[in-house]
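Novice: my questions are about this predicted structure, shown below with the sequence.
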Amino acid sequence: MPYSFFHSRLPKVAERETRSVTLFDHSEFNLPPADYAFLEMFCDEPDCDCRRVFFSVISSRDEDIKAVIAWGWEEQVFYTTWLKDSDPNVIKELMGPALNSASPQSDLAPALLKVFQEVLLPDTAYVERVKRHYVMFRATVDKKRKKKVRRKIKRKR
């Protein structure tokens, strides 16, 4: 599953609605003081409906990716059916929230996962925003795919 940044397809919305968390000295998360932006990435594979997001977390201190957090908001039965696999470890990683095992992680990643779990996930308005962003992003993928199909049909004629 290839993932692309939300802002690559919907830059104006991303600019307005990307969430960041500002942490000061001596925060409960033991992270360096900075703004941490949670940049959304969604699957851009045609016909995929994985209902997951990856957050690339960057720090205002150096703009390097500090963590990649995977999260799926549906219930376990959705992912078991979607993946056609009931391995609890696989499903747990799909659902998350978890540090994406296929991505490099900094030493700050576990603390940033904790920020996500304790600050962002409890914010129901934010959770709904991420789901809305998923729908918006997927609409651009499906629209792009339909254009490619139309071009192929025209070439065959």
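Specialist: Okay, I see it. Predicted model, so just to flag it, every value in this text is computed and none were measured.

Novice: what's the average pLDDT for the longest strand along the chain?
Specialist: If you go by DSSP state E, the chain has its longest strand at strand 34-43. Averaging pLDDT along strand 34-43 yields 98.

Novice: what do you get for stretch 109-125?
Specialist: 98.

Novice: swap in stretch 3-12?
Specialist: 97.

Novice: just the C-alphas of that stretch, formatted as PDB.
Specialist: C-alpha atoms of stretch 3-12 as PDB (Å, rounded to 0.1, in the frame of the first residue of the first chain):
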ATOM      1  CA  TYR A   3       0.900   6.200   1.100                       C
ATOM      2  CA  SER A   4       0.900   9.900   0.100                       C
ATOM      3  CA  PHE A   5       0.700  13.000   2.100                       C
ATOM      4  CA  PHE A   6      -2.700  14.600   2.400                       C
ATOM      5  CA  HIS A   7      -1.200  18.000   1.600                       C
ATOM      6  CA  SER A   8       0.000  16.600  -1.800                       C
ATOM      7  CA  ARG A   9      -3.600  16.400  -3.000                       C
ATOM      8  CA  LEU A  10      -5.500  18.900  -0.900                       C
ATOM      9  CA  PRO A  11      -2.900  21.500   0.100                       C
ATOM     10  CA  LYS A  12      -5.300  24.300   1.100                       C
END
